[in-house]
Structure formats: structure tokens, C-alpha cells
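**Q** Curious how this folds, go ahead:
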Amino acid sequence: MNAELNKPKTQVGVIDLNSGNLLSMQTAITAAGCELHTLQQPRASLLKQLDVLVMPGQGRFAYVMNQIDRHGWRDFLLEWVRNGKRLVGVCVGMQVLFEGSDEDPEAVGLGLFQGRCQRLSHPKTPMVGWAQLDSYKLTLKDQFAYFVNSFAIKACPFATAKVTYGDAFCASVQRGNLYGFQFHPEKSGFFGRGLMQHVCQ
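**A** Here you go, the predicted structure:
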């Protein structure tokens with residue numbers, strides 16, 4: 001028990017891309033028992049200082065990619081992943097892990113996963129609200145998560161959960177220490193809080 005109390009906190013950096021929802025993500029990371037660092041620009045020392053990077057994002061694909069490139073994050077994020085470090089992308093932060101999006105065809109994603117985001121044929125656009133996850137993973141299976149999106153990845157071999165809302169699409173992906181969530185864990189109640197603790201610790 002004493003060893004557990006003395007265990008150092010996981011060092012988690014949240015990237016501030018000026019794209020909304022930063023406060024909710026900061027609160028979720030702190031609630032998960034992690035040491036929070038809010039970052040505007042990368043620096044080499046972060047590779048040793050931090051255990052996890054979280055990349056939230058709302059709005060347009062091109063805007064988020066422009067923020068990533070403008071502040072020098074692209075090369076750093078690729079190096080971070082090459083070093084096997086944990087990276088978590090949320091909402092548009094998940095979409096930019098892929099090669100591109102039909103929302104902004106000229107914008108080039110990080111290309112950490114193959115594929116492009118496509119516009120979804122939702123019963124109502126944008127999709128706003130709760131949906132049940134279809135997943136083989138016990139941490140995700142049959143859970144309800146909160147979504148706000150009009151574009152998503154329709155298929156990926158690394159999908160860990162899917163949702164059908166008009167079209168079926170990937171709700172989450174994972175390859176090793178690289179995670180993407182199309183939904184908002186930080187807005188998904190008790191389940192989301194537990195998920196943030198799971199991926200950040």
C-alpha cells in the first residue's frame with residue numbers, strides 16, 4: 001500500500017491547439033490522478049519528461065493540422081510515436097492521425113494510420129449526443145460515449161470500437177501505444193473517466 005502511495009504520478013501532456021475543449025480534457029487528466037502539463041510548443045526534453053501526450057481537437061481538419069504545423073508539432077509527434085511513447089488523439093485529434101480528410105482535401109494528416117476521413121450520412125448532421133459502442137474490448141464493449149462529429153473514418157484494420165449512426169464508422173482505434181477516440185471520453189461520464197484513467201496511467 002505504501003509503495004502505491006509513493007508511486008510517482010504519470011506525466012501527461014495535453015497539446016493546446018486552440019481548437020476547443022481544452023478545459024474539459026485538462027480536468028479529465030487531473031481527475032485520472034495524473035500530473036498535467038499544458039503545451040503550446042514541443043521541445044526535445046518532453047521525450048524524457050512526459051509519459052503520455054493527449055491531442056484534443058474540435059472544428060475543421062485543416063485548422064487543427066495548420067495549428068500542428070504552425071507550432072512545430074508534426075515532426076515531434078512522429079518522433080514521439082517512433083520512440084514507442086503513448087499518444088492519444090480525441091475527436092479531430094484522432095482524425096489527424098490519418099492521412100487526410102474529405103472535409104479539407106488539401107490538408108495533409110500525420111499519416112500514422114492509413115486512410116481518410118469521410119463525410120457521414122447521419123440522420124442529423126452533425127451527430128451530437130450519445131451512442132453505444134460495438135467493441136470486442138471489455139473496456140469499450142456496449143458502453144455509451146458522447147459524440148460531436150460530421151466526418152469520421154469508416155473502416156480501419158486497427159478499429160477497436162464502431163458505431164452506427166446512419167453510416168457505420170470507427171469510434172476508436174489502437175495500434176500499440178497509439179490511441180484514437182472519435183468520441184469525447186472527457187464528456188462521456190463515468191465510462192469516459194475510467195477510460196482516460198486506463199489510457200493515461
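
**Q** Show me where this structure dips below the pLDDT cut-off.
**A** 1-6 (pLDDT under 70).

**Q** mind redoing it with 80?
**A** Within the chain, the stretches with pLDDT under 80 are 1-7, 20-21, 122.

**Q** Going along the chain, name the helices of it.
**A** 2-5, 22-31, 46-49, 61-70, 73-82, 92-95, 189-200 (DSSP state H).

**Q** so which of the ones you listed comes closest to Tyr179?
**A** Across the helices of the chain, Tyr179 has its closest neighbour in helix 189-200 (5.5 Å, Cβ to Cβ). C-betas here are computed from N, CA, C, even on glycine.

**Q** which residues are contacting that closest one?
**A** Helix 189-200 is contacted by residues 10, 12, 28-29, 31-34, 52, 54, 86, 88, 139-140, 143-146, 179, 181, 184-186, 188 when judged by Cβ atoms under 8 Å, 6 or more residues apart in numbering.

**Q** Which residues does the closest residue to Ala152 other than its chain neighbours form beta bridges with?
**A** The shortest distance from Ala152 to any non-neighbouring residue, by Cβ to Cβ, 6 or more residues apart in numbering, is to Phe169 (3.9 Å). Phe169 has the following beta-bridge partners by DSSP bridges: Val163.

**Q** surely Phe169 meets Lys162?
**A** Yes. Between Phe169 and Lys162 there is a contact under Cβ atoms under 8 Å: 6.7 Å.

**Q** Between those two, point out the one with more neighbours.
**A** The neighbour comparison of Phe169 against Lys162 (other Cβ atoms under 10 Å) goes to Phe169, with 24 against 20.

**Q** Run a quick neighbour tally on the residue nearest to Gly84 when sequence neighbours are not counted.
**A** Excluding the flanking residues, the one nearest Gly84 by Cβ to Cβ, 6+ apart is Asn177, at 5.9 Å. The local packing of Asn177 (other Cβ under 10 Å) involves 15 other residues.

**Q** who's in contact with Asn177?
**A** Val81, Gly84, Lys85, Arg86, Leu87.

**Q** most neighbours, which of those?
**A** Most neighbours among the contacts of Asn177, by other Cβ under 10 Å: Leu87, with 21 neighbours.

**Q** I appreciate the help and will end here.
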